[in-house]
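K.L.:
Test case, fold it:
(chains A and B)
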Amino acid sequence: MLRYIIGRLLSILLTFFVVSLIVFLMMHSVPGGPFDGNDMPVSDAVKAKLNASLGLDKPLYEQYLRYMWGVLHFDFGVPFQSPGETVTELLARAWPPSLILGGSGVLIGAPLGILMGMAAALRRNTWFDYLVSAVSTLGLTIPVFVISMMLIMVFSVWLNWLPAGGWEKPYSWILPITAYAAVPMATYARYTRSAMLDVMTKPFVTVLRAKGLSERRIIFQHVLRNAALPLVTVFLPMFIGTATGSIFVEAMFRVPGLGAYFVSSIELRDYPLEMSLILMITMMFCVAYLISDIVYALLNPRIRFGGKS
Amino acid sequence: MPLVDIQNLHVSFPQHEGLVQAVRGMSLTIEAGESVGIVGESGSGKSVTCMAALRLLRHPPSRITADRLSLDGVDMLTASRRDLARVRGKVASMVFQDPMSAFDPVFTIGHQIVETIRAHTDASLSAATDQAVALLDRVRIKTPLSILNSYPHQLSGGMLQRAMIAMALSCRPKILFADEPTTALDVTIQAQILALIKDLQAELGMGLVMVTHDLGVVAETVDRVVVMYGGRVMEEGPVQAIFDDPQHPYTRALLNSIPGRTPGKQRLTEIAGQSPNPANPPAGCPFHPRCTVALPDCATTAPATRQIGPGRTAACWGLT
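P.N.:
Prediction:
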């Protein structure tokens, strides 16, 4: 187990390195630079001076090594679009709203979806099952900005219960989080339903019935435990993917989160911020998959680390 | 009061090709301590009969009707879920065909035996664990403790089948339904498992229903044989009498197709034709299209089951 984790951590470091190299090369292969914008044109002399002050006149490999050396010391540089703060300070300011939005969206949506999927599986082919299927299909197919607009129409414009945007008061969080929760809820409802039905047709469930176990024990102990295995593998990666912020939900509800920076850092050739954001996501995905794999193995006795059983 | 009392059982499933009539008017009574073999080809309705007796078929989609379907006096047709759970495992247990898929893969064998004991008694965890060890010992497992802590995927088919038998016997049922318990096992293990079941039946004095397509299995393990075909009982009687003097043409044909029953080098006879389509069974006796001595009546009216000797019945127009 320990050897397995150490091996995985080493492979995460390698992934991290490869991703940073590819992203750095792609980033610089895009034509233009941070001071080529048309809204505030600067003269070539000023541009050269600015580039020199930021080290952008150096050869690419040197820029890369300097940046990565900084990363090793947790120095992620200064964002070009907001030179008054470091990347770390920008993250500390803009990440919390995204984390609250994405985190609560998943933490509310996933359990709801699991309950819906369970209930649908237990009442297969009834009106409730069809309702869950319809709701989860809609949740997955309607784009999240359309869901956001419908929520704003109903709860802000018609009913006038909740603000149409902003992030100042906790009750202004309700609509964006609801919009956010739709996808994890729908995904989980579908996964849970099909995982439960898959397990319920296994021969061992008939054996459990033949032993005289109560239906409740069969469902909650045996079926759920087996159905949980495929669910674990989708849970954490989804959590991480959404915790980094949804560009659409944040834009629709004017949430001052990280989402907008993903777009602007590319548009503005904000190299330090772009690198930092992508390295951050890479790290989170690697760690999420590592944790999911460990949890999966702990739940599934058929998997053992290191080859000895 | 018979332990198993099944009268005029019908089981059908709606399928794409129509209503599949798996069992069509099956009757079976078993007294305490009796051992009975149900023999027939695949699709004859033998396994479905056992599943229906324990109400293990999902209902719907399956449709079950019977004049009587009771186990140890409990009416299984009207029993509540809770009553069914009380009968299953306690009054009547079942051993299934494929031991590899019969256990929950994420729990140990011990857990699964212990939970069965604790579902029916108020034994403490440690008492139930002790019982589980004793049970594994009883099914001739030499290292009960290590098997107890093993997960299903770590054990062989033969070992799992022993464990399943131990689990089925854990609450001392009055009757054990064994549904082709050796079909999925290696030939060398088959004989051991059959001997084990037979010994345990004698030791515990319980009833036994051995479902099989293998007449050899029946000859070794049971006292009475029920021959099924097309969802109906063709012939029933003591095992020796059936083997020595089969009365029903189907039984005769079945016995003739066992290799080595007649001395000398002889071509093995098979039963011509195919078993009936359960979605569209032939009118009259289900066997008449393949029967070499069929009469005109056979194709129109199903023969009634008649007494043809002491403890022997058969359903055939040719026996009148």
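K.L.:
hey, which helix is longest across chain A?
P.N.:
Looking across chain A with DSSP state H, the single longest helix is helix A:87-122.
K.L.:
Chain B too?
P.N.:
helix B:187-204.
K.L.:
What ranges does the stretch 1-150 of chain A have for its helices?
P.N.:
Applying DSSP state H, counting those that start in this stretch to the stretch 1-150 of chain A gives helices spanning A:2-29, A:44-53, A:60-72, A:87-122, A:127-141, A:144-151.
K.L.:
who wins for proximity to chain B among those helices?
P.N.:
helix A:87-122 (13.0 Å; C-beta to the nearest C-beta). Just so you know, the C-beta spots here come from the backbone N, C-alpha and C atoms, and that holds for glycine as well.
K.L.:
what's the one helix or strand A:Ala288 maps to packed up against?
P.N.:
Per DSSP states H and E: A:Ala288 is located in helix A:271-299. When contacts are defined as 3 or more C-beta pairs under 8 Å, 6 or more residues apart in numbering or on different chains; DSSP states H and E, helix A:271-299 sits against helix A:2-29, helix A:60-72, helix A:87-122, helix A:224-243, helix A:259-267.
K.L.:
got a list of contacts for the shortest one?
P.N.:
Translated: helix A:259-267. Helix A:259-267 has contacts (C-beta atoms under 8 Å, 6 or more residues apart in numbering or on different chains) with A:30, A:79, A:81, A:90, A:94, A:98, A:245-251, A:270, A:273-274, A:277.
K.L.:
How far off centre is it?
P.N.:
Remark: helix A:259-267 is offset 16 Å from the chain centroid, using C-alpha atoms, centre = their mean, to the nearest Å.
K.L.:
and the longest helix of chain A, what does it pack onto?
P.N.:
Checking 3+ C-beta pairs under 8 Å, 6+ apart, helix A:87-122 ends up next to helix A:127-141, helix A:174-200, helix A:224-243, helix A:247-252, helix A:259-267, helix A:271-299.
K.L.:
Does the residue lying closest to B:Ala314 once chain neighbours are set aside have any beta-bridge partners, and if so which?
P.N.:
Leaving aside its chain neighbours, B:Ala314 sits nearest to B:Glu235 (4.3 Å; criterion: C-beta to C-beta, 6 or more residues apart in numbering or on different chains). Here B:Glu235 sits in beta bridges with B:Val227, B:Ala314, as judged by DSSP bridges.
K.L.:
Next up, the contacts around B:Glu235.
P.N.:
Contact analysis of B:Glu235 by C-beta under 8 Å, 6+ apart lists B:225-227, B:242, B:246-248, B:250-251, B:312-316.
K.L.:
what do you get if the cut-off is 10 Å, keeping everything else the same?
P.N.:
B:39, B:225-229, B:242, B:246-252, B:254, B:305, B:308, B:312-316, B:319 (C-beta atoms under 10 Å, 6 or more residues apart in numbering or on different chains).
K.L.:
next one: B:Gly73
P.N.:
B:Met1, B:Pro2, B:Leu3, B:Asp5, B:Val87, B:Val91.
K.L.:
Next secondary structure element downstream of the helix or strand that contains B:Leu160?
P.N.:
Taking DSSP H and E as the definition, one finds B:Leu160 inside helix B:157-168. Next in sequence after helix B:157-168, counting helices and strands by DSSP H and E, comes strand B:175-179.
K.L.:
Neighbouring strands - and their directions - for that next one?
P.N.:
In the sheet, strand B:175-179 lines up with strand B:92-95 (parallel), strand B:207-212 (parallel) (DSSP bridges).
K.L.:
can I get those in CSV with distance to A:Leu112 and mean neighbour count?
P.N.:
Converted to CSV, these look like this (distance: least, C-beta to C-beta, whole Å; neighbours: other C-beta atoms under 10 Å in any protein chain shown):
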stretch, distance to A:Leu112, mean neighbour count
strand B:92-95, 38, 27
strand B:207-212, 46, 26
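K.L.:
Quick check, B:Lys90 in contact with B:Leu54.
P.N.:
No: if you go by C-beta atoms under 10 Å, B:Lys90 and B:Leu54 don't touch, sitting 11.5 Å apart.
K.L.:
Tell me the residues that contact both of these two, please.
P.N.:
By C-beta under 10 Å, 6+ apart, the residues touching both B:Lys90 and B:Leu54 are A:Gly212.
K.L.:
so how many other residues sit close to the residue nearest to A:Gly257 when sequence neighbours are not counted?
P.N.:
Nearest residue to A:Gly257, sequence neighbours excluded (C-beta to C-beta, 6+ apart): A:Ser98, at 3.6 Å. Neighbour count for A:Ser98, taken as other C-beta atoms under 10 Å in any protein chain shown: 25.
K.L.:
between the helices of the stretch 1-150 of chain A, which gets nearest to B:Ala202?
P.N.:
Evaluated with C-beta to C-beta, these place helix A:87-122 nearest to B:Ala202, the distance being 42.8 Å.
K.L.:
How many neighbouring residues does the residue in the stretch 1-150 of chain A that chain B sits nearest to have?
P.N.:
At 9.9 Å from chain B, A:Asn125 is the closest residue in the stretch 1-150 of chain A, using C-beta to the nearest C-beta. When neighbours are counted by other C-beta under 10 Å, A:Asn125 registers 9.
K.L.:
How about the contacts made by it?
P.N.:
For A:Asn125, the contacting residues are B:Pro60, by C-beta under 10 Å, 6+ apart.
K.L.:
among the strands paired with strand B:175-179, which is nearest A:Leu290?
P.N.:
strand B:92-95 (42.5 Å).
K.L.:
quick one: A:Val46 from A:Met40, how far?
P.N.:
11 Å (C-beta to C-beta, to the nearest Å).
K.L.:
Just want to know which of these two has more residues nearby.
P.N.:
A:Val46 (11 against 6).
K.L.:
Once you drop chain neighbours, what's closest to that one?
P.N.:
Closest to A:Val46 by C-beta to C-beta, 6+ apart is A:Phe35, at 7.8 Å.
K.L.:
Surely that neighbour is in contact with A:Arg269?
P.N.:
Yes: with contact defined as C-beta under 10 Å, A:Phe35 and A:Arg269 form a contacting pair (8.6 Å).
K.L.:
So B:Asp137 sits against B:Ala166, correct?
P.N.:
Yes: using C-beta under 10 Å, B:Asp137 is in contact with B:Ala166, at 8.8 Å.
K.L.:
Common neighbours of the two, please.
P.N.:
Taking C-beta under 10 Å, 6+ apart as the criterion, B:Asp137 and B:Ala166 both touch B:Pro144, B:Ile147.
K.L.:
So between those two, which is more surrounded?
P.N.:
With other C-beta under 10 Å as the criterion, B:Asp137 and B:Ala166 differ in neighbour count, and B:Ala166 comes out ahead with 27 against 15.
K.L.:
Now that one: closest residue in space that isn't a chain neighbour?
P.N.:
Distances taken as C-beta to C-beta, 6+ apart put B:Leu135 closest to B:Ala166, at 4.1 Å, once the chain neighbours are dropped.
K.L.:
in chain B, which ranges drop under the pLDDT threshold?
P.N.:
B:260-265, B:320 (pLDDT under 70).
K.L.:
likewise chain A?
P.N.:
Those would be A:241-245, A:305-309, if you go by pLDDT under 70 across chain A.
K.L.:
residues from it in reach of chain B?
P.N.:
Contact residues (C-beta under 10 Å from any C-beta of the partner chain) of chain A with chain B: A:125, A:199-218, A:221-223, A:225-226, A:228-229, A:299-302, A:309.
K.L.:
hmm, try it at 7 Å
P.N.:
A:202-204, A:206-207, A:209-215, A:222, A:225-226, A:299-302, A:309 (C-beta under 7 Å from any C-beta of the partner chain).
K.L.:
and the gap between the residue in chain A that chain B sits nearest to and A:Ala120?
P.N.:
At 3.3 Å from chain B, A:Gly212 is the closest residue in chain A, using C-beta to the nearest C-beta. Using C-beta to C-beta, one gets 27 Å for the distance from A:Gly212 to A:Ala120.
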